[in-house]
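**Q** here you go, sequence then predicted model.
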Amino acid sequence: MESHTIWRCCKNNCGDHARFDGAIYIKVKDHIHTPNPEETIAIENKSKEVNSATTSHDSSRRIIHEVLLSISKDDGTVVPNYSSSQRTIERKSKKKKYHYHDRVHYDDIHIPGEL
């Protein structure tokens, strides 16, 4: 089985993407816009928060603090406000915590006798 890694532009209307097939990088399409470093920093920040929210059991306050430590003081203006970051982290953590199965069989449901 051959494994590929694909990167695509974070802008929805841009079709730019590249592929890595384990040996070489292949550029498939070019960007249709100019680069925006502030937007890239904001997206990387959110990605770090979401990744930490889904992989760790830390509080949202700790996750935000750790992500902010990795950001330069000059880039602080592009960071979302605290409550926005907190809501994103709590939403992703909740999704991880309450993972529901698509199919449930009656044989798998256990109801205690006193109920």
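**A** Thanks, I have it. Computed from a prediction, not measured in an experiment: that's the story for all the values here.
**Q** thought I32 was touching G15?
**A** Yes. Counting by CB atoms under 8 Å, I32 touches G15, with 6.9 Å between them. Glycine gets a C-beta too; all of them are placed from N, C-alpha and C.
**Q** buried stuff in the top helix by length along the chain?
**A** Taking DSSP state H as the criterion, the chain has its longest helix at helix 37-55. By neighbour count on 16 or more other CB atoms under 10 Å, the buried set for helix 37-55 is 41-42, 44-46, 48-50, 52-53.
**Q** out of these, name the two that are farthest from one another.
**A** I41 and A53 (18.8 Å; CB to CB).
**Q** what about I89, which SS state?
**A** Following DSSP: H, G, I helix; E, B strand; the rest coil, I89 is assigned to helix.
**Q** if we can go back for a sec, out of the buried residues of helix 37-55, the closest to L68 would be?
**A** Distances from L68 to those, taken by CB to CB, are shortest for N45, at 8.3 Å.
**Q** might you report the residue contacts of that closest one?
**A** Taking CB atoms under 8 Å, 6 or more residues apart in numbering, we find N45 in contact with 67, 71, 78-80.
**Q** again with I41
**A** 71, 75, 78-79.
**Q** and those residues, which of them are in helices?
**A** Per DSSP H, the subset of those in helices is empty.
**Q** which residue in these has the weakest pLDDT?
**A** When the contacts of I41 are compared by pLDDT, D75 scores lowest at 74.
**Q** distance of that residue from E44?
**A** 10 Å (CB to CB, to the nearest Å).
**Q** can you report phi and psi for F20?
**A** Dihedral pair for F20: phi -120, psi 120, per degrees, to the nearest 10.
**Q** give me the number of residues near it?
**A** Neighbour count of F20, defined by other CB atoms under 10 Å: 13.
**Q** run a quick neighbour tally on the closest residue to it other than its chain neighbours.
**A** Distance criterion CB to CB, 6 or more residues apart in numbering; nearest residue to F20, sequence neighbours excluded, is T5 at 4.5 Å. By other CB under 10 Å, 10 other residues sit near T5.
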